[in-house]
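Turn this into a model:
(one chain, ligands or ions: 2)
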Amino acid sequence: MLAHDHDIRSDRDTIVALSTPPGRGAIAIVRLSGPRSSAVLRRIFHPQKKVENFSDRKFVFGRFAGTDGEPFDEGMSVFLAGPRSYTGEDMAEMYCHGGPAITQALLSAAVDSGARPAAPGEFTRRAFLEGKIDLIQSESVADLIFAETKRAAQAALSQLEGGLSEVLEDIWEKIVEAGAHLEAAIDFPDEFEPGAGPTLTGGPMSGAELAERFSAIAEELRKLEESYIAGRILREGARVAILGRPNAGKSTLLNRLLGTERAIMSPIPGTTRDTVEDVCDIDGIPVKLIDTAGLRETIDPIEREGAVRARRAAVEADLCLVLMDASAGEEEARWAEGELKSLEGPSILLANKMDLPQAKVPESLLDGLPVISISALTGDGIGSLREAIAFRLSGGDQENRPGDQRLLTRERHRKLVVSCRQAIENAFVMIKEDTSPELVAVDLNEAQRSLAELLGRDYGDALLDKIFSTFCIGK
Ligand SMILES: Nc1nc2c(ncn2[C@@H]2O[C@H](COP(=O)(O)OP(=O)(O)OP(=O)(O)O)[C@@H](O)[C@H]2O)c(=O)[nH]1
Ligand SMILES: [Mg+2]
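Ligands and ions are numbered 1, 2, ... in the order given. Sure thing, here's the model as predicted:
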C-alpha cells in the first residue's frame, strides 16, 4: 500500500487525548485532531469574549464545560487549522489546570461531543499518513521523548528534522538514476554504449560506469550500517562492565563515575558479591555501569555465583573496563593482560591506585596494550577515562557530532540498509559478469524496495502498529 493513494482524511474520526503526563501539575494539555476538532472545541470551551469562529493559531481565554453546560475549569484554547498542524488535520489544544478530575472531565466532555480516545502514537501516525513526516522522522519523535541525555535528544532532533532521511533520499535518487540508465540498456540493447540511447544526462552509462556507481552506493550504505552501533548506544544506552580481581577498586570506580556512594567499598577482598548497576551520563551517552564481584579462584559458592554473574555482565556489555591494582605487583599485571586477551568485545585496561607510591604500570604491558592510569580514590585520570569511554562507545568516530544525524538508531533501519546494500552488491557482481540488464534491474528494484520500507513509502498496517504502539498516548 502506498502512503497517498487514497483519501484517508474524509472519513476520519476526531481523536482526543491528554498530551501531558497523568497526575497533578500546574497545567495539563488535552489535544484534538480530526475534522470535527473545531465543532468539539466549540461545544466544550466557552470563550470569555464571544468569538464567532476560533481563528487559526490564536489563543483564547475561557471556561471548560461538559455537554450539560456546567463549567468545571477555566483556561486557554487554540485552534490549529490543517494542513499547517502537527497531524496535518484540523487540531485544537486545550490548556486546563493539571488535576486528574479536570482532565478526566475534559476528556469525557470531548468524547460526549463526538471525539474518540486516541490510541498510542495516533497523532504522529496521522502526521505520517498525511505525509507531514516520513517513517524515520515518526520514529524519532518517540526517540526524542525517551532520550536519556541531551546528546541523545540532539540526535533524535536531527532525525526529526530529516537528517537521516536526506541521506537515504540521496541514495534513493542515485539508485533511480542508475535504474534509468539500465532501462535505457534494456530498451536499446544494441546501443548500450556511452552517448547512445534516449536522453539521459550524459547518455546511458557503460557497464563499467554503472559498476562504479553501484560500488560507491554500496560503500555509502556500509558506512551507514557501521553507524548503527553508535546510534543504538545513543538511543538505548550502553552497558559498561567493570571487571577485576578482589580489592582492585571496582566499587570505588563505580561510585566515582556515578558521583554517588552506590556500592559498598571496603579493604576486605570479596566485598561485592552480586552485580550492582546504575545509569550515568558520559559525554552525552546514557551509560549503565555494572560493578561486579572480584574474580578469583574460590570454593565459596556465593563468590562463585558472583563470578558467574560478573562473566555474564562482561558478555552482555558493550564495553568492559578491566581494572588492575597497579600497586599489587607483576602478577596482577599478568592477570589483567590475560583477562584482556580473553575478552571478546571491546575493552579498556585501567591501572588503578596510581596515587600509591609503590604503584607502577609494568613496562612490558605498556608495550602492547594501551592503559589508562587512574586513581578511583582521588579522581585522578577519571576525565581521560570518561573521554576514552565516550570515544569507544561512539565507534571511535566523533565526526558526526553534535548532531549525529547520519546514525542508524534502530534494528529496523539496520536490517533494511543491509538488504539494500546486498542487493546493490549483487547488481555490481552481475554487471561485472555482463549479466543481462533485466536481471540487474531486479536487484535494483529490491534495493529500492528496502529504502521505500525504511522511509515508509511502502508500508503495511502491521508495521505501523508495531512502531506507533511504543509511543505515549497523546503524541
Ligand atoms: N589508594 C587507593 N586506594 C583505593 C583506590 N581505589 C580503591 N581503593 C581502596 O581499595 C579498597 C578496595 O576498594 P573496592 O572499591 O571495595 O574494591 P573492589 O574491587 O570493589 O573489591 P571487591 O568488591 O572485593 O571485589 C578500598 O579500601 C578502597 O578504598 C585508589 O585509587 N587508591
Ligand atoms: Mg566491590
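
Close to ligand 2: what parts of the chain are there?
Residues of the chain lying close to ligand 2 (C-beta under 5 Å from the ion) are Lys250, Ser251, Thr271, Thr272. C-beta: built from backbone N, CA, C; applies to glycine.

8 Å instead, please
Residues of the chain found near ligand 2, taking C-beta under 8 Å from the ion as the criterion, are 246, 250-252, 254, 263-266, 271-272, 276, 291-294.

Among these, which are located in strands?
Where those overlap with strands, as defined by DSSP state E, the overlap consists of Val276, Asp291.

how about the residues of the chain next to ligand 2, which pair is most distant?
Looking at the residues of the chain next to ligand 2 by C-beta to C-beta, the two members farthest from one another are Ser266 and Thr292, with 15.7 Å of separation.

So between these two, which is more surrounded?
Neighbour comparison, Ser266 and Thr292: the larger count goes to Thr292, with 29 against 11 (by other C-beta atoms under 10 Å).

Drop the exposed ones from the residues of the chain next to ligand 2 and show what's left.
Buried subset of these (neighbour count, 16 or more other C-beta atoms under 10 Å): 246, 250-252, 254, 263, 265, 271-272, 276, 291-294.

In CSV, list the residues you listed along with pLDDT and distance to Arg334.
Conversion of those to CSV gives the following (pLDDT from 0 to 100; distance: C-beta to C-beta, whole Å):
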residue, pLDDT, distance to Arg334
Pro246, 95, 16
Lys250, 97, 19
Ser251, 97, 23
Thr252, 97, 23
Leu254, 97, 25
Ala263, 93, 27
Met265, 95, 25
Thr271, 93, 24
Thr272, 94, 23
Val276, 95, 27
Asp291, 97, 23
Thr292, 97, 20
Ala293, 94, 21
Gly294, 93, 16
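
Export these to TSV and append columns for distance to Ala105.
As requested, those are arranged in TSV below (distance: C-beta to C-beta, whole Å):
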residue	distance to Ala105
Pro246	61
Lys250	54
Ser251	52
Thr252	54
Leu254	48
Ala263	48
Met265	53
Thr271	55
Thr272	52
Val276	46
Asp291	49
Thr292	52
Ala293	54
Gly294	58
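
mind listing which of those are in helices?
Among those, the ones falling in helices (DSSP state H) are Lys250, Ser251, Thr252, Leu254.

Near ligand 1, which residues of this structure? Just list them.
By C-beta under 6 Å from any ligand atom, the residues of the chain that approach ligand 1 are 244, 246-252, 265-267, 269-272, 293-294, 352-353, 355-356, 375-377.

What distance do you get for Leu340 to ligand 1?
When C-beta to the nearest ligand atom, to the nearest Å is applied, the distance between Leu340 and ligand 1 equals 17 Å.

wait, doesn't that residue sit right on Ser347?
Yes - with the criterion set as C-beta atoms under 8 Å, Leu340 and Ser347 qualify as a contacting pair; they are 5.8 Å apart.

which residues does the residue in the stretch 251-400 of the chain that ligand 1 sits nearest to contact?
Per C-beta to the nearest ligand atom, Gly294 is where the stretch 251-400 of the chain lies closest to ligand 1, at 2.7 Å. By C-beta atoms under 8 Å, 6 or more residues apart in numbering, the residues touching Gly294 are Gly244, Arg245, Pro246, Asn247, Ala248, Lys250, Pro269, Gly270, Thr271, Thr272, Gly306.

Looking at the buried ones among the residues of the chain next to ligand 2, which is nearest Cys320?
Taking C-beta to C-beta as the measure, Thr292 is the one of these closest to Cys320, at 9.6 Å.

can you count the residues close to Thr20?
18.

Kindly report the same for Arg262.
Arg262, neighbours per other C-beta under 10 Å, totals 17.

Excluding residues flanking it in the chain, which one is nearest it?
Spatial nearest neighbour of Arg262, chain neighbours left out: Asp278 (5.1 Å); criterion: C-beta to C-beta, 6 or more residues apart in numbering.

Could you do Gln137 as well?
That would be Leu160: by C-beta to C-beta, 6+ apart, it lies 5.4 Å from Gln137.

Okay, that neighbour and ligand 1: tell me how far apart.
Using C-beta to the nearest ligand atom, Leu160 is found at 42 Å from ligand 1.

quick one: contacts for that residue?
The neighbourhood of Leu160, defined by C-beta under 8 Å, 6+ apart, consists of Ile133, Gln137, Ser140, Val141, Leu144.

that's a strand at Thr431, yeah?
Heads up, residue 431 is Ile, not Thr. No - if the criterion is DSSP: H, G, I helix; E, B strand; the rest coil, then Ile431 is helix and not within a strand.

and it, how many neighbours does it have?
27.

All the helices of the stretch 101-250 of the chain, residue numbers only.
In order along the chain, the stretch 101-250 of the chain carries the following helices (DSSP state H, counting those that start in this stretch): 122-129, 135-146, 150-160, 163-187, 207-236, 250-258.
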